[in-house]
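K.L.:
The following block contains a protein sequence and its predicted model.
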Amino acid sequence: MPKLSIAILASGRGSNFQSIIDGIEEGEIDGKIKVLITNNPNARAIQRAKEHDIPYEVLSSELYHSREAMDARIKEILDSNKINLVVLAGYMRIIKSKSLLEQYKHKIINIHPSLLPAFKGSTDAQKDAYDYGCKISGLTIHFVSDDIDGGEIILQKAVDISSCSSGDEVADKILEYENKSYREVVAMFSKGTFEIKGRHVKYVPD
Ligand code: GRF
């Protein structure tokens with residue numbers, strides 16, 4: 001049986017979701033994606049799930065008016081699938097539920113397209129980095145807590161954006177590294193554990 005039972009939460013294109021599918025299919029990640037959860041019925045991520053026989057659940061905002069109701073349904077899906085790693089991959093809603101965050105503490109991870117704490121909380125961090133005139137930006141993979149983009153940092157990658165001439169170009173450049181790094185981190189979860197002391201995260205391979 002694979003070590004990881006993974007749930008992916010995604011709202012859009014799903015290139016990071018795809019990189020994790022590829023990591024599993026190519027034997028780098030010892031895991032199985034049990035479910036894709038999305039809040040967007042038109043997400044390209046759904047197409048990817050269908051292509052790879054991954055079950056998916058659409059929790060549209062029309063059905064789930066309150067954040068609490070949506071989070072409660074997410075928790076039910078995670079519990080019933082015995083999920084031990086939740087991967088937020090371009091999930092555009094904030095998880096607020098205390099019970100969900102507590103029960104899955106250090107089991108929910110997110111990717112943010114900047115070197116946190118720079119552009120923390122931004123939904124357009126690549127454009128923000130470009131507009132600010134940054135020469136270096138990058139990505140951060142971190143645990144999810146009740147502090148938005150503020151959980152303990154697992155991995156960061158710096159990306160030279162000095163030659164980029166728009167926010168979109170920055171986003172494309174960082175995305176290449178996001179796809180590689182997210183897959184790498186999920187593979188690490190499948191082959192070891194993370195020790196957390198304060199804000200310090202140390203990887204311990206099996
Ligand atoms: C990525 O840039 C990620 O960092 C951000 O949303 C984007 C999702 O891209 N949180 P994709 O849907 O995985 O292609």
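P.N.:
Perfect, I can see it now.
K.L.:
Can you give me the end-to-end span of stretch 154-173?
P.N.:
Terminal residues of stretch 154-173 are spaced 21 Å apart (CA to CA, to the nearest Å).
K.L.:
any idea how far the closest residue to the ligand within the chain is from D168?
P.N.:
Scanning the chain for proximity to the ligand using CB to the nearest ligand atom identifies G90 as nearest, at 2.6 Å. Where you see a C-beta, it was placed from the backbone N, CA and C, and this is true even at glycine. According to CB to CB, to the nearest Å, G90 and D168 sit 16 Å apart.
K.L.:
and the longest helix for this structure?
P.N.:
helix 167-190 (DSSP state H).
K.L.:
and stretch 15-35, does that touch the ligand?
P.N.:
Yes: remark: stretch 15-35 sits within contact range of the ligand at S15, N16, F17, by CB under 6 Å from any ligand atom.
K.L.:
So which residue is smack in the middle of the protein?
P.N.:
In the chain, the residue lying closest to the centroid (CA atoms, centre = their mean) is L88, at 2.9 Å.
K.L.:
Now do the closest residue to I136 other than its chain neighbours against C134, distance only.
P.N.:
For I136, ignoring the flanking residues on the chain, the nearest one in space by CB to CB, 6 or more residues apart in numbering is A158 at 5.3 Å. Distance of A158 to C134, given as CB to CB: 11 Å.
K.L.:
Run through the residues that contact T123.
P.N.:
Taking CB atoms under 8 Å, 6 or more residues apart in numbering, we find T123 in contact with M92.
K.L.:
and it, that one's in a helix?
P.N.:
No: secondary structure assignment (DSSP: H, G, I helix; E, B strand; the rest coil) places T123 in coil, not in a helix.
K.L.:
re earlier: chain neighbours aside, what residue packs nearest to the residue nearest to the centre of the chain?
P.N.:
N110 (4.2 Å).
K.L.:
What helix or strand is the one you found located in?
P.N.:
N110 belongs to strand 108-112 when elements are defined using DSSP states H and E.
K.L.:
Touching that strand from outside, list them.
P.N.:
When contacts are defined by CB under 8 Å, 6+ apart, strand 108-112 is touched by residues 16, 85-89, 91, 95, 101, 119-120, 125, 139-144, 149, 151, 154, 178, 181-182, 185.
K.L.:
Can you select the buried ones among those for me in ChimeraX?
P.N.:
In ChimeraX syntax, the buried subset of the contacts of strand 108-112 is picked out as below (16 or more other CB atoms under 10 Å):
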select :16,85,86,87,88,89,91,95,101,119,125,139,140,141,142,143,144,149,151,154,178,181,182,185
